[in-house]
Structure formats: structure tokens, C-alpha cells
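K.L.:
Provide a 3D model corresponding to the input given below.
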Amino acid sequence: MYTIENQTVILELFLTGLSDDQSNQLILFMVFFLLYVTTLIGNLLILFIITMDSCLHSPMYFFLGNLALLDICSSSITTPRMLSDLNTSNSMISLSACITQIYFFISFATSEVVLLAVMSYDRYVAVCYPLHYMQRMTWKACVQLALGVWLMGLLYSLLHTLFTLRLTFCDSKTIHSFFCDLSKLFQISCTDTFINTLIIFIFGGSLGSSCFIITFFPYISIFTTVLNNQVRVSRIKTLSTCTSHLTVVFIFYGTLLFNYFRPTSDYQLSEDKIVSVFYTVITPILNPIIYSLRNKEIKKALKRICKTCLA
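P.N.:
Numbers count the residues shown, from 1 in each chain. Here you go, the predicted structure:
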């Protein structure tokens, strides 16, 4: 830290972590270590199955593979740092490391929001316009959409990061969380954060509402088409695929909306940490479980790969 005009500018921050009770640290470390390892194994398995089985080389599973990769990345941004803090008494983090963590966290979260919208569009074309599906969802189009997903996250996060760099921190150095979050950083800034908040409102609101509409609106047409389908087997298969995607969407949006848009009067640190744990640690582990348990094609592909390996 250094001093400017009788104010001490902080260059290191303190993360309060999940719990102040030292007796719980080992238990929490073991629980979240197992969750993290399971997240890595589950999502890597999804990637492996999609890559190895040619029957899954389709746009739907291409985007599912990108979702698995995003879950690995987003989980790896927060969980290893949290495990490190649980295993040591020193929870200090440099301001540069904190802003770096924020950059990648926002980037991967934004990319996942956009990807869920792209996956909804893919399902919409597949169900409502099956005869034109391969014409619209060519591999070139899929790769361009995937690149757009990752680029959107990187650029949107860069916008916030550049404006966060203008902030100084001199009143407090304590972040009441187990990872660096943009909203928590604003709370301890001694610089006016009006511009930062305005950027979130304008750009974040526009991007979030657009993705929300693109994600949910197509399902009106999807369910109408599915319910009018006379073939029962085809109807069940389509509903199973769509409900898997919708389950992931509801979990992701639900936790984010609850954490960032609930009334401030209801704010409690313990409750806030629980919700943060859910969308940073639990959601990445639920996605492969939801898709693997509800998707018969992935189960069949895994059996084929196992038979090939054992042959």
C-alpha cells in the first residue's frame, strides 16, 4: 500500500472466505476438493465422449462440449483459490490478482449466458425447421457461433476490467467473499463507482435481456411443435433434450438473479456466500450430471467407447 493526499491506497485485499470457524476449515476443504475433482472429471468425460464418438459429432453436442469447457474454466477460476485459502491462514490477495480473477470470472460467466442462448437457437431450428437444419447449422456456422460466444465474453469482461482499473481502495481491504466479485469490489472502493454501475446497467442489462429472450422465447414454438408431433417416441426424445437444456438454464439464471437482483434489505453475508457457492461451484458439477443422466445418446456413446477399449 502507498499514500496519496493523506489517504492510504490499498494494493492487497483480504478475502474472508467461506467460514470464520477454523474448526470447519478441514471439512470444507475436503468437501470442495471432492466437488472440484468431480467437476473436472465429469466435464472432461463429456468432452472425451463427444470427441471420441463420431455419432455425437453434431452441432448440439459441439455446443455441449463448449459448455463443458466453460464449466471447467469457470470452476478453475474460483475453486483452487478457495481451497488454497482453506488450507492456509493467509487469505490475502493482491489487487492485480483480484482484478484478473474478476476478468476471467465475468468472461466465462458471460460466455455461458451467450452459449445457452445459442443452444436454444440450435434446438429451435432442429425442432421447428428440421428440413433446413443442416443448411442453417453448418460446421462453419457452428464454429463462428462458438468463436462469437468466447469473444463476447472476453470483450464484455475487458470493458468492466478497464473501468475497474480506475478505482482506488483506501477505506477497507476486506472482501466478504471467498473470491473476487465485481459487486464486492465496488463496496470497498473509495472512488465513485457510478460510471461502473452505469456500464453494468446499460451493457450488462442489454446483453443479459437479449440472451434471456433468445434463450426462453424459442421454447414457445418448440413446445408447440413438439406437442403437435404425432410420433410419441420422437416427442419424448425431443422433450428430454430440451428439458435438460432448460434445467441448466434455470439453475444458472436462478442463482445469478437471486444473488444480484434481490432486495438489499434482505442481504445477509452467510446467505450471499451460499448462493455464490452454488453458481461458482455447484452449477459446473450439475451440468454434466444433468446431461449424462437424461441423455440416452451420451450413455450409448460411453458404452460404445468402453466396448472398444475393452475389445
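K.L.:
quick check, residue 18 in a helix?
P.N.:
No: the assignment for residue 18 is coil, going by DSSP: H, G, I helix; E, B strand; the rest coil, so no helix is present there.
K.L.:
for it, give me the pLDDT.
P.N.:
The predicted local confidence for residue 18 comes out at a pLDDT of 78.
K.L.:
ok, the spatially closest residue to it that is not a sequence neighbour - contacts?
P.N.:
Counting by Cβ to Cβ, 6 or more residues apart in numbering, residue 178 is the residue found nearest to residue 18 once chain neighbours are left out, at 5.1 Å. No exception for glycine: its C-beta is placed from N, CA and C like everyone else's. For residue 178, the contacting residues are 15, 16, 17, 18, 78, 81, 82, 85, 273, 276, 277, taking Cβ atoms under 8 Å, 6 or more residues apart in numbering as the criterion.
K.L.:
again, only using 7 Å
P.N.:
Residue 178 is in contact with 15, 17, 18, 82, 85, 273, counting by Cβ atoms under 7 Å, 6 or more residues apart in numbering.
K.L.:
can you put the residues you listed in TSV and add distance to residue 147 and neighbour count?
P.N.:
Formatted as TSV, the entries for the contacts of residue 178 read as follows, by distance: Cβ to Cβ, whole Å; neighbours: other Cβ atoms under 10 Å:
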residue	distance to residue 147	neighbour count
15	34	20
17	37	18
18	36	22
82	31	24
85	35	21
273	35	17
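K.L.:
from those residues, which single one is nearest residue 55?
P.N.:
Taking Cβ to Cβ as the measure, residue 55 sits nearest to residue 82 out of the contacts of residue 178, at 38.0 Å.
K.L.:
average model confidence for stretch 279-291?
P.N.:
81.
K.L.:
so what touches that stretch?
P.N.:
For stretch 279-291, the external contacting residues (Cβ under 7 Å, 6+ apart) are 32, 35, 38-39, 42-43, 45-46, 64, 67-68, 71, 74-75, 78-79, 179, 244, 247-248, 251-252, 255-256, 259, 298.
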